[in-house]
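**Q** show me how the following folds:
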Amino acid sequence: MTSAGEATLLEAARAQAAEAAAQARVRVRPLHGIHDMRAAAGVLDEIWGTDRSDPQLDPRVMVAIEEAGGYVVGVTDAADVLVGAVVGFPRQPEGLHSHIAGVLPGFALRGVGTALKLHQRVWCLERGMRCVTWTFDPLVSRNAHLNLVTLGARVEHYLVDLYGPMEDDLNRGDPSDRLMVRWELASAGRRELVASGARTVLENRDGAPVFRPASSHDAPLLVAVPRDIENLRRTNPAVALKWRLSVRQALVPALAEGRELVGFDADSNYVLGARR
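**A** So this is what the prediction gives:
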């Protein structure tokens, strides 16, 4: 991309980020120093329901990441109270790996996630970075929609039990499977989904996962996930675990045979393209 093209892209990215933050009624700002980092670590622990003796991220590590040129920002509400935080670090040669991001529950459905990612995009473009990578739980449907549809990120890998057992309130008792996604910043944007002739291989039947063997190896595939896995983990952990293992069983071989995970539809289904 030419320097003129880069300047135009950055100008447009700044405008989009500012509009998203205004719509979400939050401010996204850099964090500095141990006081900020302790406050941010406390917010992250509150979001995940983490025991303070085993925090999501040590504030001193956050200071080191920020001092080394990493991405450490906070989200504040209209009263300038911290309600969320994001931490990422450089990943060579791609750009940035976003390690953790979260906002308090009362802000999760206000478009704050979009505002955070668009701020992150501006930060990266200002530093000449081309892409952002991160992981997310494939069972969390709202994150799947944000990442794959709204932002247009692409899935690179399915990672089985990436972090091992986790004892926070959101993940306790569930293997920590994750999808690794890559967000190309120059082409970031909503992805149009075409799934004509798709066959359902994992169906949501009355809240439980049910396999339906595909009759064609070449057709696109649909893999369902629950609409609210967090609530299901609280109310029926056995079914939640069944979803984890079923989604793993559906996605891992499909990706291994060369299918691309191309999107996420309005019925909470992952859409995998035809086998290449």
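**Q** can you tell me, leaving aside adjacent residues, what's nearest to Gly197?
**A** Leaving aside its sequence neighbours, Gly197 sits nearest to Ala219 (C-beta to C-beta, 6 or more residues apart in numbering; 5.2 Å). Any C-beta I mention is one placed from the backbone N, CA and C, and that applies to glycine too.
**Q** distance check, Leu221 against Asp58.
**A** 41 Å (C-beta to C-beta, to the nearest Å).
**Q** picking that back up, and the residue nearest to Gly197, what's its pLDDT?
**A** At Ala219, the pLDDT value in this model is 85.
**Q** so who does the closest residue to Asp58 other than its chain neighbours touch?
**A** Nearest in space to Asp58, with sequence neighbours left out and distances taken as C-beta to C-beta, 6+ apart, is Ala41 at 7.1 Å. Going by C-beta atoms under 8 Å, 6 or more residues apart in numbering, Ala41 touches 55-59, 62, 85.
**Q** now do the SS call for the nearest residue to Arg91 once chain neighbours are set aside.
**A** Of all residues not flanking Arg91 in the chain, His97 sits nearest, at 3.9 Å (C-beta to C-beta, 6+ apart). When classified by DSSP: H, G, I helix; E, B strand; the rest coil, His97 comes out as strand.
**Q** pretty sure His97 sits against Thr133.
**A** Yes. With contacts counted by C-beta atoms under 8 Å, His97 reaches Thr133, the gap being 5.0 Å.
**Q** doesn't the residue nearest to Gly197 belong to a helix?
**A** No. The assignment for Ala219, made by three-state DSSP, is coil rather than a helix.
**Q** now do the contacts for it.
**A** Per C-beta under 8 Å, 6+ apart, neighbours of Ala219: 197-199, 274.
**Q** torsion angles phi and psi at it?
**A** phi -80, psi 150 (degrees, to the nearest 10).
**Q** before we move on, what about Val83?
**A** Dihedral angles of Val83 (phi, psi; degrees, to the nearest 10) stand at phi -130, psi 0.
**Q** so what's it closest to, chain neighbours aside?
**A** Leaving out its chain neighbours, Val83 is closest to Leu104 (C-beta to C-beta, 6+ apart), at 4.8 Å.
**Q** with Gly70 instead?
**A** Here the residue nearest Gly70, using C-beta to C-beta, 6+ apart, is Phe89, at 4.2 Å.
**Q** what about the one you found, how many residues nearby?
**A** 16 (other C-beta atoms under 10 Å).
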